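1. sequence? don't have it. structure:
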């Protein structure tokens, strides 16, 4: 008999490990609108199953919590609001007395739920059903539910599989007039809960959209409705304003866009470099919108209260869709030095065709979002010999998409994590000489779930550079709206979910000016929403539909297979120019990827809950 031996996993443990992976994928694919109380109960049962049973709070307390939550779900005469109070007291007791994380973190999950969806607990107690807001959010088709514009994703994926690319783009444009822009730069929230994840990995939805727009040929816009004689003014020619103009024009209204910049496109043009979204492809989509008879007044700054009042008088409705073009300052000493730029200013200049020379310079970029990656990669294309990205949190905490971070690194940018800018050093002439940073350590989690950066007490560090580019955030200029009497909240216009501005009849607002800096698809969704509600305000009920028939879903064998990933041009060549970096799928890749779709519009509750939305 030996004193020690090497433990090897037996077959049972190997299978259990694979079941853990299956469970992770299943949780990741949970669709929107699940009953949160039922979900909390399921997580609690899983936690109880992990318990060793040694301590009473975990062994007995978690079981008691399970029973109490099950009572709430099952209903009954003995269940009252007091039951919810008992759940909270029990969970707090387990949190404070359990020996290990299995127990106290299980209790914390329950407490987080009580704080986050208390109204659902109360609705189950009083009515025996989920709260109305939960029921309304319930979505049988995960990808559609998570797309802000509610594009018919299973529909166009099936059309790609059939080779009907023109029809696929027509179907997309029913809800989104920027299929090409979104095919190239959308952050694809639709993939986050893709049910295919339960089998292997989410469908590459954006990649399939890209294949459709690359192979569709010219897609003619739908026929416009008869003229209503109504006039609508749109302030802001970005994705939200252009989307509203597109659908309002299809409804028969006359639209005029007032744009402050030299060109239309908003942050699609002025916030995204052309190597990600080629200007000519963006302009093609804008031209289609303008072909519907939309009037445009460029380089017109509607920033005075009397100008907005005049628009309100001359037009039947006004849609405010200004973008977040103002930048957040660093708030550190030396920020006014020559060579300190904001990412917004830099990308705006490039959007207007004014290239900045950074030949042979060292550039430090401050920030960790997609914009920071964009300006870092742009700096390299403008000739910078060295680019570093300084971020006060860890790389894993960056808000930029991982593919954007990887792309920046591949092009030679250095990501320096846990460094908070403290001051900028300038020479005698006022030119940037270096940036000083304070090393940080990750602290307690904040509301976003990321560790707060905390001072490490280590000495400052110096990074020599010729330029500092700030990419820590954008904002809108809300002064005009305050003067108009339009309510603002933290520098943003206050409008409801229907884009209606209270106390100002006929005025609507949406996009970044309401939500703060957001994604293109969220701005597009706001424009679509505003168009529908402006039409209704004007006394109409025009419907937007499309004459595309989606084939019936077929039950076929869908074995696990790899996801097709998008490719980019080699980093050594692409970092030298502004040509498009991403390469589309091949025909074989697109067919295989489209075949992975599980057609949730029919299978798995889809057809039982109404299937696809044919019109809006």
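-> Great, that's in hand. Nothing here was measured: the structure is a model prediction, and the numbers come from that model.

2. switch to C-alpha atoms for all contacts and neighbour counts from now on
-> Will do.

3. is it fair to say residue 135 lies in a helix?
-> Yes: using DSSP: H, G, I helix; E, B strand; the rest coil, the assignment for residue 135 is a helix.

4. What does the closest residue to it other than its chain neighbours show for phi and psi?
-> Residue nearest to residue 135 in three dimensions, not counting chain neighbours: residue 33, with 6.6 Å by Cα to Cα, 6 or more residues apart in numbering. Per-residue torsions, residue 33: phi 90, psi 10 (degrees, to the nearest 10).

5. Does residue 33 touch residue 139 like I think?
-> Yes: counting by Cα atoms under 8 Å, residue 33 does reach residue 139; the two are 5.9 Å apart.

6. Check the spacing between residue 597 and residue 518 real quick.
-> Distance from residue 597 to residue 518, counting by Cα to Cα, to the nearest Å: 28 Å.

7. and what of residue 509?
-> 15 Å.

8. repeat for residue 489
-> Distance from residue 489 to residue 518, counting by Cα to Cα: 16 Å.

9. More neighbours: the two, which one.
-> residue 518 (15 against 11; other Cα atoms under 10 Å).

10. Spell out which helix or strand contains the more buried one, please.
-> Under DSSP states H and E, no helix or strand contains residue 518.

11. Excluding chain neighbours, give the residue nearest to it in space.
-> Here the residue nearest residue 518, using Cα to Cα, 6+ apart, is residue 512, at 6.1 Å.

12. That neighbour: neighbour count?
-> By the measure other Cα under 10 Å, the count of residues near residue 512 is 28.

13. Let me see the contact set for it.
-> By Cα atoms under 8 Å, 6 or more residues apart in numbering, the residues touching residue 512 are 321-324, 476, 518, 523.

14. Sort the residues you listed by pLDDT and name the bottom one.
-> Lowest pLDDT of those: residue 476, 75.

15. Roughly how far does the nearest residue to that one once chain neighbours are set aside sit from residue 516?
-> Leaving aside its chain neighbours, residue 476 sits nearest to residue 324 (4.4 Å; criterion: Cα to Cα, 6+ apart). Residue 324 sits 7 Å away from residue 516 when distances are taken as Cα to Cα.

16. Now the common contact residues for those two.
-> With Cα under 8 Å, 6+ apart, residue 324 and residue 516 have common neighbours 475-476.

17. Just the mean pLDDT for stretch 422-431, thanks.
-> Mean pLDDT, stretch 422-431: 95.

18. Of all the residues in it, which ones are buried?
-> Neighbour-count burial for stretch 422-431 flags 422-426, 431 (criterion: 16 or more other Cα atoms under 10 Å).

19. Please tabulate these in TSV, including the columns secondary structure.
-> Supplementary listing: the buried residues of stretch 422-431 in TSV, determined by three-state DSSP:
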residue	secondary structure
422	strand
423	strand
424	strand
425	strand
426	strand
431	strand
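
20. wait, which of the residues you listed is closest to residue 458?
-> Closest to residue 458 out of the buried residues of stretch 422-431 is residue 422 (12.9 Å), distances taken as Cα to Cα.

21. what's the helix or strand for the closest residue to the closest one other than its chain neighbours?
-> Among residues not flanking residue 422 along the chain, residue 437 sits closest, at 5.0 Å (Cα to Cα, 6+ apart). When elements are assigned from DSSP H and E, residue 437 belongs to strand 432-445.

22. Which elements pack onto that strand?
-> strand 419-426, strand 451-455, strand 461-464, strand 467-470 (3 or more Cα pairs under 8 Å, 6 or more residues apart in numbering; DSSP states H and E).

23. any weak-confidence spans in the stretch 101-250 of the chain?
-> 136-138 (pLDDT under 70).

24. what about 90?
-> 127-142, 145 (pLDDT under 90).

25. can you list contacts of stretch 552-564?
-> Under the criterion Cα under 8 Å, 6+ apart, residues 199-204, 589, 593, 596, 598-599, 602 lie in contact with stretch 552-564.

26. Stretch 389-398: which residues count as buried?
-> Buried positions in stretch 389-398, judged by neighbour count with 16+ other Cα under 10 Å: 389-395, 397-398.

27. contacts for that stretch?
-> By Cα under 8 Å, 6+ apart, stretch 389-398 touches 364-369, 372, 376, 413-421, 439-442, 450-453.

28. now do 7 Å
-> 364-369, 414-420, 440, 442, 450, 453 (Cα atoms under 7 Å, 6 or more residues apart in numbering).

29. Same question for stretch 27-42.
-> Residues contacting stretch 27-42 (Cα under 7 Å, 6+ apart): 66, 69, 110, 121, 130, 134-135, 137-139, 142, 145, 193-195, 197-198.

30. quick one: which of the residues you listed sit in helices?
-> 66, 69, 110, 121, 134-135, 137, 142, 145 (DSSP state H).

31. can you put the buried residues of stretch 389-398 in JSON lines and add pLDDT?
-> Below are those laid out as JSON lines (pLDDT from 0 to 100):
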{"residue": "389", "pLDDT": "98"}
{"residue": "390", "pLDDT": "97"}
{"residue": "391", "pLDDT": "97"}
{"residue": "392", "pLDDT": "96"}
{"residue": "393", "pLDDT": "96"}
{"residue": "394", "pLDDT": "96"}
{"residue": "395", "pLDDT": "96"}
{"residue": "397", "pLDDT": "95"}
{"residue": "398", "pLDDT": "95"}
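
32. Please pull out the lowest mean pLDDT helix or strand from this protein.
-> Least confident helix or strand of the chain, by mean pLDDT, DSSP states H and E, is helix 479-484 with a mean of 67.

33. quick one on the thing from earlier: farthest-separated two in the buried residues of stretch 389-398?
-> By the measure Cα to Cα, 389 and 397 form the most distant pair in the buried residues of stretch 389-398, at 13.8 Å.

34. So, low pLDDT: which residues of the stretch 401-550 of the chain?
-> 447-449, 473-498, 500-505, 513-518.

35. in the one helix or strand residue 588 maps to, what counts as buried?
-> Assigned by DSSP H and E, residue 588 falls within helix 587-595. Using 16+ other Cα under 10 Å as the test for burial, helix 587-595 gives 589-595.

36. Show me how far that helix is from its chain's centre.
-> 26 Å (Cα atoms, centre = their mean, to the nearest Å).

37. Ok, stretch 56-73 next?
-> Taking Cα atoms, centre = their mean, the mean C-alpha location of stretch 56-73 is offset from the chain mean by 37 Å.

38. what mean pLDDT does that stretch have?
-> 92.

39. and the gap between residue 268 and residue 577?
-> 19 Å.

40. okay, these two: which has more neighbours?
-> residue 268 (22 against 15).

41. Let's test this: what are the backbone torsions at that one?
-> Dihedral angles phi and psi of residue 268 (degrees, to the nearest 10) take the values phi -60, psi -30.

42. Check residue 448 too.
-> phi -80, psi -10.

43. That one: neighbouring residues, count only.
-> With other Cα under 10 Å as criterion, residue 448 counts 8.

44. wait, what's in contact with the residue lying closest to residue 93 once chain neighbours are set aside?
-> Leaving aside its chain neighbours, residue 93 sits nearest to residue 57 (7.8 Å; criterion: Cα to Cα, 6+ apart). By Cα under 7 Å, 6+ apart, residue 57 lies in contact with 94, 97-98.

45. Kindly recompute the last result at 10 Å.
-> By Cα atoms under 10 Å, 6 or more residues apart in numbering, the residues touching residue 57 are 63-64, 90-91, 93-99, 103-104, 107.

46. which of the helices and strands packed on strand 432-445 sits most buried?
-> Mean neighbour count, computed with mean count of other Cα atoms under 10 Å, is highest for strand 467-470 among the helices and strands packed on strand 432-445, reaching a mean of 26.
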